[in-house]
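Enquirer: could you work out the structure for the sequence below:
(one chain, ligands or ions: 1)
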Amino acid sequence: MNRFLALRLALCGSAALAGCVTTAAGGGDPEPHFSSLYANYLSGCAQCHAPGAVGATSTTEKSLDFSTQAAAYASLSGKANGLIGNQAGCDGVAFIVKDKPASSLLVATLDASTRNAFDLPGNPNCDNNAISDMTLPKLGKAPSAAFLTALKTWVQNGALND
Ligand code: HEC
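Expert: Just a heads-up that it's a prediction; the model follows:
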């Protein structure tokens, strides 16, 4: 057990229950497991990427579905679809390339340094101009550095449904 987890457990043991719930909101510290990444951040993507999502428009990418963890994992196993304008350069590009965060469109949409260096031999038009910033500024939720590290480690480790 790491020191921080031990501290949290100690606090939850002595503090009021409400305090513990607040600490756990957002899924706790992001870990390189899909369940943690979904709870910590990716669940928020459902405001636009889900059937009937309030934020969805005719230009929203068509295949992603973040409404549940299972749907998110399943749709992230596919490829971008329905992009228009200069974003269309990323149509057909895989959201996740196992073991390769630098080649994964999901990582590029959330991590600026990955986006700026994105370079797929088969998809030269899917570059930093075509890839949208898909962080959640409207929710006041930029991904934390810890989340981005966990996301890249998860892809590097094979992007399991864990
Ligand atoms: C406010 C609505 C909205 C939210 C919230 C949103 N998206 Fe998107 N997403 C879009 C739209 C619209 C597109 C199509 C490209 C564009 O117009 O920018 C898109 C495209 C994408 C693409 C395809 C690649 C690209 O950028 O062109 C990925 C991957 C993606 N979104 C992932 C996510 C993730 C992960 C989240 C949550 C962190 C998220 N999106 C949150 C609206 C949204």
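Enquirer: residue closest to the middle of this protein?
Expert: Nearest residue to the geometric centre of the chain (C-alpha atoms, centre = their mean): L42, 4.6 Å.
Enquirer: dump the residue contacts of it.
Expert: 66, 72 (C-beta atoms under 8 Å, 6 or more residues apart in numbering). Where C-beta positions appear, they are placed from N, C-alpha and C, glycine not excepted.
Enquirer: that one and the ligand: what is the separation?
Expert: L42 sits at a distance of 6 Å from the ligand (criterion: C-beta to the nearest ligand atom, to the nearest Å).
Enquirer: where along the protein do the helices fall?
Expert: For the chain, applying DSSP state H gives helices covering 3-14, 17-24, 34-40, 69-76, 105-110, 112-116, 145-156.
Enquirer: I'd like the average pLDDT over the third one.
Expert: Averaged over helix 34-40, pLDDT sits at 97.
Enquirer: got a list of contacts for that helix?
Expert: 26-31, 66, 69, 72-73, 147, 150-151, 154, 159-162.
Enquirer: that one: which residues count as buried?
Expert: Within helix 34-40, the residues that count as buried by 16 or more other C-beta atoms under 10 Å are 34, 36-40.
Enquirer: ok, the shortest one next?
Expert: By neighbour count, with 16+ other C-beta under 10 Å as the criterion, the buried positions of helix 112-116 are 114-115.
Enquirer: give the other helices and strands that that helix contacts.
Expert: helix 105-110 (3 or more C-beta pairs under 8 Å, 6 or more residues apart in numbering; DSSP states H and E).
Enquirer: so the helix it packs on, near the ligand or not?
Expert: Yes. Using C-beta under 6 Å from any ligand atom, helix 105-110 comes into contact with the ligand via 105-106, 109.
Enquirer: would you format these as TSV with neighbour count and pLDDT included?
Expert: What follows is the residues of helix 105-110 next to the ligand, written out as TSV (neighbours: other C-beta atoms under 10 Å; pLDDT from 0 to 100):
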residue	neighbour count	pLDDT
L105	25	98
L106	23	98
T109	21	97
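Enquirer: just those now: which is nearest S58?
Expert: T109 (19.3 Å; C-beta to C-beta).
Enquirer: wait, that closest one sits on L136?
Expert: No. Using C-beta atoms under 8 Å, T109 is not in contact with L136, being 11.1 Å away.
Enquirer: buried ones only from the contacts of helix 34-40, please, as a ChimeraX command.
Expert: Filtering the contacts of helix 34-40 down to the buried ones (16+ other C-beta under 10 Å) takes a single ChimeraX command:
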select :26,27,30,31,66,69,72,73,147,150,151,154,159
